[in-house]
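J.: Structure of the sequence below:
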Amino acid sequence: MSRKLDQSRTLYARCQGSLAGGASSSYKPGYPFPIFWERGDGARLYDVDGNEYLDYTLSAGPTLLGHSPAPVIDAVKAQLERGLLFPGVHTGELELSELLCQIIPCADLVHFANSGSEANHIALRLARAYTGREKVIKFEGLYHSWFDDLFYSVTPALERAGPDEMPNTLPQTRGQAANAADNVLVLPWNNLQAVAQAVARHRDEVAAVITVPVWYFRAVEPREGYLEGLRDICTQNGIVLIFDEVVSGFRTALGGAQAYYGVTPDLSTFAKGIAAGLALACLAGRQELMSMISRGEVLHPGTYNGNPLAIAAANAAITELMKDDGASYARLFQMSERLMSGCRESAARWGVPVSVQGLGPGFSVLFTERGHLWDYRDLVRYHNAELATGFTLTLAERGVLCSSAAWFVSTAHTDEDIELTLVAIDEAMKEMRD
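T.: Residues are numbered from 1 along each chain as shown. Model prediction:
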């Protein structure tokens, strides 16, 4: 990169001497190495070298209200004065749980956790307890958790992945328990026939189907009728349908993608976006499943469940999103559509083949001559990931921070920000052509 990143480079080298990998997550982005951030304000981030960026990563999605939104900061400050942690339930939990049961279609009851991985793990435990079955169907390319029971076939190499219609179940990392794979069936996403065939083969073994309702990290939407078909298959076979709304929740609509598409799962998980950047997750679901937690049949102990600071942030964030009957969503969709259409126009002007696809305030720029892409293998076969990385780096040099996987728009972005970004996109597309 041509931008000065001397301090980030020095700090990263130093950090590797004390922090494994030099970052606290295996998926921290690098441009070309992890940038060290100084502060965030609204739609902008500032690094330790003094560089300013318009941010479309939103820290992988959570900062839907932008960085350091005043109502959330004020709520957290007020909670700091009242206490950091309590040895039981507090009024914030009551307020938030009532609010979520009001706005999430599947939520007869909710239960709080600390991360999306954790919430999905609890959802599987409930599904297995409820059905008395062990197996779970997940879909190739989709990430739900780094825990052993779901961390399979997220980015499999195609030479090892098996047939298109019946993928192999491949561990994502060394150290996963080998026998955990016995209870995981991996299928292609957006393919109802494959689901129906797998359920027919394992009818009395499948406890749950877990899926994202819209795949935001590649901005792949469900085919027409796909979610409805999953709902029907699960209902007919006594299988628990779980929507992982960790990314789509509070982004697609106030009630999540399930509200947007009108398809109600049995259980649903939320995390990114619920607390404007603080660590909080939620499991929501039907009474008959969630009551197993109420009765103590399914346990989820945790010292930090219902963390008061995160709960305060969530109450403030959701209250902001609910203002004026959720008017902020119309604006989020409008800004995102402006970015998507402008990106298509620039690509066409400079002769760069792309598919700009997505839903609402989340989209991807896929470098492909194929047109719309629908699943993981489409992405591997037809999307030029090297060009996408180059596009991302070119934009970062122009002060626009995005991920090669997904762009996210926040309520803090302005029309002026969008126009500045479109200028940078046009320059980057010209460079891609050259």
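J.: Give me the three-state assignment for the residue nearest to the spatial centre of the chain.
T.: Among the residues of the chain, the one closest to the centroid is residue 247, at 2.8 Å (Cα atoms, centre = their mean). With DSSP: H, G, I helix; E, B strand; the rest coil as the basis, residue 247 sits in coil.
J.: mind listing what it touches?
T.: 61, 212, 216, 217, 272, 273, 362 (Cβ atoms under 8 Å, 6 or more residues apart in numbering). (Glycine included, C-beta is placed from N, CA and C.)
J.: Let's see the pLDDT reported for the third one.
T.: So the one you mean is residue 216. Model confidence at residue 216, given as pLDDT, is 88.
J.: Could I get the contacting residues of it?
T.: For residue 216, the contacting residues are 61, 247, 248, 251, 358, 359, 362, 406, 408, by Cβ under 8 Å, 6+ apart.
J.: per-residue pLDDT, the last one?
T.: This points to residue 408. We have a pLDDT of 96 for residue 408.
J.: Mind listing the residues bridging to it?
T.: Beta-bridge pairing of residue 408 under DSSP bridges involves residue 362.
J.: Dump stretch 219-239 to PDB, keeping only the CA atoms.
T.: What follows is stretch 219-239, C-alpha atoms only, in PDB (Å, rounded to 0.1, in the frame of the first residue of the first chain):
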ATOM      1  CA  ALA A 219     -24.300 -11.500  -0.400                       C
ATOM      2  CA  VAL A 220     -26.000 -14.600  -1.900                       C
ATOM      3  CA  GLU A 221     -29.800 -14.500  -1.500                       C
ATOM      4  CA  PRO A 222     -32.000 -17.600  -1.200                       C
ATOM      5  CA  ARG A 223     -33.600 -18.700  -4.400                       C
ATOM      6  CA  GLU A 224     -37.300 -18.100  -4.700                       C
ATOM      7  CA  GLY A 225     -39.100 -20.600  -2.500                       C
ATOM      8  CA  TYR A 226     -35.900 -22.000  -0.900                       C
ATOM      9  CA  LEU A 227     -36.600 -20.900   2.700                       C
ATOM     10  CA  GLU A 228     -40.300 -21.800   2.400                       C
ATOM     11  CA  GLY A 229     -39.200 -25.200   1.100                       C
ATOM     12  CA  LEU A 230     -36.800 -25.700   4.100                       C
ATOM     13  CA  ARG A 231     -39.600 -24.800   6.400                       C
ATOM     14  CA  ASP A 232     -42.000 -27.400   4.800                       C
ATOM     15  CA  ILE A 233     -39.400 -30.200   4.900                       C
ATOM     16  CA  CYS A 234     -38.600 -29.600   8.500                       C
ATOM     17  CA  THR A 235     -42.200 -29.400   9.600                       C
ATOM     18  CA  GLN A 236     -43.100 -32.600   7.700                       C
ATOM     19  CA  ASN A 237     -40.200 -34.500   9.200                       C
ATOM     20  CA  GLY A 238     -40.200 -33.200  12.800                       C
ATOM     21  CA  ILE A 239     -36.900 -31.400  12.300                       C
END
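J.: Mean confidence (pLDDT) on it, please.
T.: 96.
J.: Report the buried residues of that stretch.
T.: 219-222, 226-227, 229-231, 233-234, 237, 239 (16 or more other Cβ atoms under 10 Å).
J.: can you check stretch 57-70 too?
T.: By neighbour count with 16+ other Cβ under 10 Å, stretch 57-70 contains the buried residues 57, 58, 60, 61, 62, 63, 64, 65, 66, 67, 69.
J.: same check, this time on stretch 334-352
T.: 335, 336, 338, 339, 340, 342, 343, 346, 347, 350, 352.
J.: Outside of it itself, list whatever touches it.
T.: With Cβ under 8 Å, 6+ apart as the test, stretch 334-352 has contacts from 353-354, 356, 358, 360-363, 365, 367, 407, 409, 413, 415, 418, 421-422, 425-426, 429-430, 432-433.
J.: Show the buried residues in those.
T.: By neighbour count, with 16+ other Cβ under 10 Å, the contacts of stretch 334-352 hold 354, 356, 358, 360-363, 365, 367, 407, 409, 413, 418, 421-422, 425-426, 429, 432 as buried.
J.: if you look at those, which of them are in strands?
T.: Using DSSP state E, the subset of these located in strands is 354, 356, 358, 362, 363, 365, 367, 407.
J.: Closest one of those residues to residue 197?
T.: Ranked by distance to residue 197 (Cβ to Cβ), those are led by residue 358 at 29.7 Å.
J.: need the strands for the stretch 101-250 of the chain, in chain order.
T.: Assigned strands in the stretch 101-250 of the chain, in chain order: 109-113, 135-139, 184-187, 206-211, 240-244 (criterion: DSSP state E, counting those that start in this stretch).
J.: so which of the ones you listed is the most packed in?
T.: Of all the strands of the stretch 101-250 of the chain, strand 240-244 has the most neighbours on average by mean count of other Cβ atoms under 10 Å, namely a mean of 28.
J.: That strand: partners in the sheet, and parallel or antiparallel?
T.: Next to strand 240-244 in the sheet, as set by DSSP bridges, lie strand 206-211 (parallel), strand 267-270 (parallel).
J.: And the contacts of that strand?
T.: The contact list for strand 240-244 (Cβ under 8 Å, 6+ apart) reads 106, 116, 120, 123-124, 126-127, 130-131, 142, 144, 207-213, 230-231, 234-235, 256-258, 265-269, 289.
J.: With stretch 388-402 instead?
T.: The contact list for stretch 388-402 (Cβ under 8 Å, 6+ apart) reads 1-3, 31-32, 45, 51-57, 365-367, 403-404, 420-421, 424-425, 427-429, 431-432.
J.: Can I get the buried part of the residues you listed as one ChimeraX selection?
T.: Per 16+ other Cβ under 10 Å, the buried members of those correspond to this ChimeraX selection:
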select :3,31,45,51,53,54,55,56,57,365,366,367,403,404,421,424,425,427,428,429,431,432
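J.: Which pLDDT value goes with residue 332?
T.: The score at residue 332 is 96. That number is its pLDDT.
J.: Quick check: it touching residue 418?
T.: No - Residue 332 lies out of contact with residue 418 (Cβ atoms under 8 Å); the separation is 11.5 Å.
J.: surely residue 284 meets residue 267?
T.: Yes - under the criterion of Cβ under 8 Å, residue 284 makes contact with residue 267 at 7.2 Å.
J.: of the two, who's got more company?
T.: The neighbour comparison of residue 284 against residue 267 (other Cβ atoms under 10 Å) goes to residue 284, with 30 against 27.
J.: does the more buried one sit in a helix or strand, and which one?
T.: Following DSSP states H and E, the helix or strand that holds residue 284 is strand 281-285.
J.: just checking, what packs against that strand?
T.: The contact analysis (3 or more Cβ pairs under 8 Å, 6 or more residues apart in numbering; DSSP states H and E) places strand 281-285 against helix 91-103, strand 109-113, helix 116-131, strand 267-270.
J.: which one of these has the most crowded surroundings?
T.: Most buried of the helices and strands packed on strand 281-285 by mean neighbour count (mean count of other Cβ under 10 Å) is strand 267-270; its value is a mean of 30.
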